[in-house]
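In: turn this into a model:
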Amino acid sequence: MRVLVTGGAGFIGSHTCDRLLELGHDVVILDALTAPVHRSGQPPKLPPGAEFWQGDTRNRDLVTNLLRRVDAVYHLAAYQDYLTDFARFSDVNVVSTALLYEIIVAERLDVSRVVVASSQAAMGEGLYICPADGEQLPGMRPAGAVAAGQWDIPCPQCGGPLSMQATPERIANPQNAYGMSKYGQEMVAVNLGRRYDIPTVALRYSIVQGPRQSVYNAYSGACRIFCLSYLQGVAPTLYEDGEAIRDYVNIDDVVDANVLMLEDERVAGRVFNVGGGTAVTTREFADVVRRQYGLPDEAVVTGEYRFGDTRHILSDIGALTDLGWKPRRTPADSVAAYAAWLEGMDGLDGVLAEASARMRALGVVRRAAG
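Out: Residues are numbered from 1 along each chain as shown. From the prediction side, this is the model:
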């Protein structure tokens, strides 16, 4: 099969291309090579045998030319960095997806599968249970509450405590610009796929970790932040109280899910969570990194927080495990692989300080009162 992978020079994309080539597929990569991921504007080492095109996924002529020559598409190209670039999130993530389907329909192309990269961010705070009021989908935390250091979310109905639940795909409650763009993207893909009989699946990735994850993204990457900190002998900062819950999924597990989507007829027209299956606090994850580097200093809480962050989110991966997939690697496996990839890399001095300064200048990182 001849497969187009947009964003194929990036983190998830490059690993997916490697696997597709190993499986005997022909791979065409389209990547804009834009900063901050590709700071030099140059492609990383590309897999032997892949055909590479540099360009934007919103370039109609280029995308049309490539789509005419392939059997399937992984649309992994995305913008996911600064919180305040509201228009760019929708422009890159949603418009490129709509254009993909517009071209397939206009050209009457026989595409056997389109796999679209969505995100756990499409679910926002996710699903909670109140003992008195049942299921709850909280909105974003009030700015005044987090500024006062009130991290946990009360029940919107009674004000009592909530219990976080693993969130299934039926929930969509995005609350930041990236999450909204990803939900928009998956709606465009799945609905147009159904209407025009283009077999489509959207994958809501949790926090993906492993080698090749860019060191330059200011906002994303707990593994990147904690590894760079400990690599430089500095205990990292934990936002809020360090007890925010996430689920981390290894890049090889993500690629396993990606290749499953290519030919399994059960997936068309559906959305799947791709997560690690385990609730992990940021403090626990930082401690995994600390042990990897064999250092004594634990991560520190300073009262800082990132404006717009969700408090907790854990994806329910039951739908995907029903297809035979399961996460096989642990956060420790991801950290070990990422640390090995960082070893000996040049140009890391100042990366964290630069990202921190940028986040503060944008008003993304703030300090709670008290």
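
In: going forward, measure contacts and count neighbours with C-alpha atoms only.
Out: Will do.

In: quick one: low-confidence parts of the stretch 101-250 of the chain?
Out: Applying pLDDT under 70 to the stretch 101-250 of the chain flags residues 218-220.

In: how about the helices in it?
Out: Secondary structure of the stretch 101-250 of the chain (DSSP state H, counting those that start in this stretch): helices located at 143-147, 177-195, 222-231.

In: quick one: contacts for residue 120?
Out: Counting by Cα atoms under 8 Å, 6 or more residues apart in numbering, residue 120 makes contact with 179, 204, 205, 206, 207, 273, 315.

In: for these, pick the one with the most neighbours.
Out: Most neighbours among the contacts of residue 120, by other Cα atoms under 10 Å: residue 315, with 28 neighbours.

In: nearest to residue 76, out of the helices of the stretch 101-250 of the chain?
Out: Among the helices of the stretch 101-250 of the chain, helix 177-195 comes nearest to residue 76, with 11.2 Å by Cα to Cα.

In: can I get the closest one in CSV, CA atoms only?
Out: Output of helix 177-195 as CSV, limited to C-alpha atoms (Å, rounded to 0.1, in the frame of the first residue of the first chain):
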residue,chain,number,x,y,z
ALA,A,177,-7.9,26.5,21.7
TYR,A,178,-5.9,23.4,20.9
GLY,A,179,-8.6,21.0,22.2
MET,A,180,-11.3,22.9,20.4
SER,A,181,-9.4,22.7,17.1
LYS,A,182,-8.8,19.0,17.6
TYR,A,183,-12.5,18.3,18.3
GLY,A,184,-13.3,20.4,15.2
GLN,A,185,-10.8,18.4,13.2
GLU,A,186,-12.2,15.0,14.2
MET,A,187,-15.8,16.1,13.5
VAL,A,188,-14.8,17.3,10.1
ALA,A,189,-13.0,14.0,9.4
VAL,A,190,-15.5,11.5,10.8
ASN,A,191,-18.6,13.3,9.5
LEU,A,192,-17.3,13.9,6.0
GLY,A,193,-15.9,10.4,5.9
ARG,A,194,-19.3,9.0,6.7
ARG,A,195,-21.1,11.3,4.2
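
In: residues near the residue lying closest to residue 307 once chain neighbours are set aside, how many?
Out: Computed as Cα to Cα, 6 or more residues apart in numbering, the closest residue to residue 307 that is not its neighbour in sequence is residue 364, at 5.1 Å. A total of 18 residues lie near residue 364 under the criterion other Cα under 10 Å.

In: now residue 364: how far from residue 30?
Out: Distance of residue 364 to residue 30, given as Cα to Cα, to the nearest Å: 31 Å.

In: same question for residue 46.
Out: Distance from residue 46 to residue 30, by Cα to Cα: 12 Å.

In: what do those two both touch?
Out: Common contacts of residue 46 and residue 30 (Cα under 8 Å, 6+ apart): residue 9.

In: neighbour count: the two, which is higher?
Out: Between residue 46 and residue 30, counting by other Cα under 10 Å, residue 30 is the more crowded of the two (26 against 15).

In: quick one: which helix or strand includes the more buried one?
Out: Here residue 30 sits within strand 26-31, counting by DSSP states H and E.

In: following the chain past that strand, name the next helix or strand.
Out: Tracing the chain C-terminally past strand 26-31 and defining elements by DSSP H and E, one meets strand 51-54 next.

In: and that following strand, which residues are buried?
Out: Within strand 51-54, the residues that count as buried by 16 or more other Cα atoms under 10 Å are 52, 54.

In: report the buried residues of the very next helix or strand once past it.
Out: Scanning forward in sequence from strand 51-54 by DSSP H and E, the next helix or strand is helix 60-67. Residues of helix 60-67 classed as buried: 63, 64, 67 (neighbour count, 16+ other Cα under 10 Å).

In: out of those, flag the one nearest to residue 119.
Out: Nearest to residue 119 among those: residue 63, at 23.2 Å, using Cα to Cα.

In: give the contact list for the closest one.
Out: The contact partners of residue 63, by Cα under 8 Å, 6+ apart, come to 57, 100.

In: run the last query once more with 10 Å
Out: Applying Cα atoms under 10 Å, 6 or more residues apart in numbering, we find residue 63 in contact with 4, 6, 30, 55, 56, 57, 96, 99, 100, 103, 104.

In: next: residue 21.
Out: Residues counted as contacts of residue 21 (Cα under 10 Å, 6+ apart) are 3, 27, 47, 48, 49, 50.

In: do that again at 8 Å, thanks
Out: Residue 21 is in contact with 27, 49, 50, counting by Cα under 8 Å, 6+ apart.

In: tell me how far the closest residue to the last one other than its chain neighbours lies from residue 37.
Out: Counting by Cα to Cα, 6+ apart, the nearest residue to residue 50 once its immediate chain neighbours are dropped is residue 27, at 5.1 Å. In this structure, residue 27 and residue 37 are separated by 21 Å, where distance is defined by Cα to Cα.
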